[in-house]
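[1] below is the sequence, then the predicted model.
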Amino acid sequence: MTTSQTPSPTVSAVVLNYNGGEMVMECIDSLLTQQPGCTEVVCVDNGSRDGSAETIESRYPQVRLVRMLTNRGFAGGMNQAIEQSRGDLVALINLDVVLAPDYLELCAGALTANPGLAGVSGKLFRPESCDPRILDTTGHTVYRNRRAVDRGEREPDEGQYDAETALFSLCGAAPVLRREALEDIRLGGQYFDEDFFAYFEDFDLCWRAQLRGWSFAYVPQATATHFRGGSGGKESTFILSCNHRNRLLVMLHNDSPAALLRHLPGIAYTELRATLHMLSLRPAALVKAWADFFRLLPRQLGKRREIQRGRKVGWKQLEPWFQPYDYRVSTIVRRARQRAQVR
């Protein structure tokens, strides 16, 4: 008598490059040394002008390079990369991430073991050389004021995040996603909403997946280093405006009106603080954020209708994920309390 085994899923690794220099080469090197290897590596170049696309083309003949004439942002570039890939699982890797050799194997194993998972990600570290190492992210913690923050960010790794756990959403730096789930949550033909361009698009995708009944998980054995040098320009008018606008778009897409009303004081206070900060730092960014929001509003309302028509999960099932946010303490104290709760 013979027994049939379920074939292992194929894994595509996709990288989005924009003026990545040698950093993107280190990322690709880490993908090409995965054990076991991934099925394919696809690199989409978002109109780089630093010669990195030419270097990738000459140095890595085994990498499929897709060159775009203009920068379509993280959302547009990653959509193109996913479209170009063929694997059952798709690893979306930032150009400033270097994976441990078993990262994809461990993430693929977790997805294979649980068909209800839309995606997983591992434990990402900052590049500082110290003992214990400094954490970058172990997934997102989400709050009632609709902030999504990187769990464990800047904390020393002392084992406080060594347990596998369910997550509401994943950081977009190195998630491994199930293609079936990506196809299930496409919005107007797009995986990531390209109106976002960059920032908060990972939170939005995960929230949409949750509404469709998918879940996410953290795999602590899978490790990587996140240099956080690939996006750049975080204080520019454009990036600040994207951050502010996109947080509003996430709520517009996914939120419950009743829940928004119930949590309105915290949301309004957070919005006021962000507004005052931008007014003092870069008022032009605030003007651009709101101008873009209202310009996009008609199309975004149509996308909300599409999302809400397709949802399978109500707010009551998702509400426990949204934690109270303590405004009375500093970020450092808040993170220390989170660590104590984990222990």
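    Yep, it's here. Residues are numbered from 1 along each chain as shown.
[2] going by C-alpha atoms from here, please, whenever you check contacts or count neighbours.
    OK.
[3] pLDDT on the longest helix seen in the chain, on average?
    Ranked by residue count and defined by DSSP state H, the top helix of the chain is helix 283-310. In this model, helix 283-310 has a mean pLDDT of 97.
[4] how about that helix: buried residues?
    Within helix 283-310, the residues scored as buried using 16 or more other C-alpha atoms under 10 Å are 283, 285-286, 288-290, 292-293, 300, 303-304, 307-308.
[5] now find how far off-centre that helix is within its chain.
    Mean C-alpha position of helix 283-310 versus that of the full chain (C-alpha atoms, centre = their mean, to the nearest Å) differs by 20 Å.
[6] check stretch 184-200 too.
    12 Å.
[7] list the buried residues for it?
    In stretch 184-200, counting by 16+ other C-alpha under 10 Å, buried: 185-187, 190-200.
[8] distance between the ends of that stretch?
    Its start and end residues considered, stretch 184-200 measures 20 Å (C-alpha to C-alpha, to the nearest Å).
[9] contacts for that stretch?
    For stretch 184-200, the surrounding residues in contact (C-alpha atoms under 8 Å, 6 or more residues apart in numbering) are 72-76, 78-79, 182-183, 201-202, 204-205, 208-209, 212, 242-243, 246-247, 250, 296, 303, 306-307.
[10] what average pLDDT does it get?
    Averaging pLDDT along stretch 184-200 gives 96.
[11] for stretch 119-131, same thing?
    Averaging pLDDT along stretch 119-131 gives 95.
[12] what helices or strands is the longest helix of the chain leaning on?
    Applying 3 or more C-alpha pairs under 8 Å, 6 or more residues apart in numbering; DSSP states H and E, we find helix 283-310 packed against helix 237-254, helix 264-281.
[13] now do the first one: everything it contacts.
    Outside helix 237-254, the residues within contact range by C-alpha under 8 Å, 6+ apart are 146, 196-201, 203-204, 207-208, 211, 233-234, 274, 278, 282, 284-286, 288-290, 292-293, 300-301, 303-304, 307-308.
[14] per-residue confidence averaged over the longest strand anywhere in the chain?
    If you go by DSSP state E, the chain has its longest strand at strand 215-226. Strand 215-226 shows an average pLDDT of 98 in the prediction.
[15] adjacent strands (with direction) for it?
    strand 97-99 (antiparallel), strand 117-125 (parallel), strand 165-167 (antiparallel) (DSSP bridges).
[16] ok, and for that strand, which residues are buried?
    215-226.
[17] could you confirm residue 316 falls within a helix?
    Yes: under DSSP: H, G, I helix; E, B strand; the rest coil, residue 316 falls within a helix.
[18] measure it to residue 256 for me?
    For residue 316, the distance to residue 256 equals 10 Å [C-alpha to C-alpha].
[19] the two - which one has more neighbours?
    Ranked by neighbour count (other C-alpha atoms under 10 Å), residue 316 and residue 256 place residue 256 first, with 16 against 9.
[20] does that one touch residue 315 like I think?
    Yes: in terms of C-alpha atoms under 8 Å, residue 256 counts as a neighbour of residue 315; the distance is 6.5 Å.
[21] shaky segments in the stretch 1-150 of the chain?
    By pLDDT under 70, the weakly predicted segments of the stretch 1-150 of the chain are 1-6.
[22] now the helices: where do they sit in it?
    Assigned by DSSP state H, counting those that start in this stretch, the helices in the stretch 1-150 of the chain fall at 21-32, 52-59, 73-84, 103-113.
[23] for the ones you listed, please prepare CSV with the additional fields distance to residue 178 and mean neighbour count.
    Listed next are these as CSV, based on distance: least, C-alpha to C-alpha, whole Å; neighbours: other C-alpha atoms under 10 Å:
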stretch, distance to residue 178, mean neighbour count
helix 21-32, 18, 20
helix 52-59, 27, 16
helix 73-84, 11, 22
helix 103-113, 8, 20
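[24] CSV for those helices, including distance to residue 129?
    Putting those into CSV (distance: least, C-alpha to C-alpha, whole Å) gives the following:
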stretch, distance to residue 129
helix 21-32, 17
helix 52-59, 27
helix 73-84, 29
helix 103-113, 20
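[25] for residue 94, find the nearest of those.
    Set against residue 94 and scored by C-alpha to C-alpha, these come closest in helix 21-32, at 8.0 Å.
[26] what helices and strands are in contact with the closest one?
    Here helix 21-32 touches strand 11-17, helix 52-59, strand 97-99, going by 3+ C-alpha pairs under 8 Å, 6+ apart.
[27] can you give the contact residues for the last one?
    It refers to strand 97-99. 26-27, 30-31, 173-174, 223-228.
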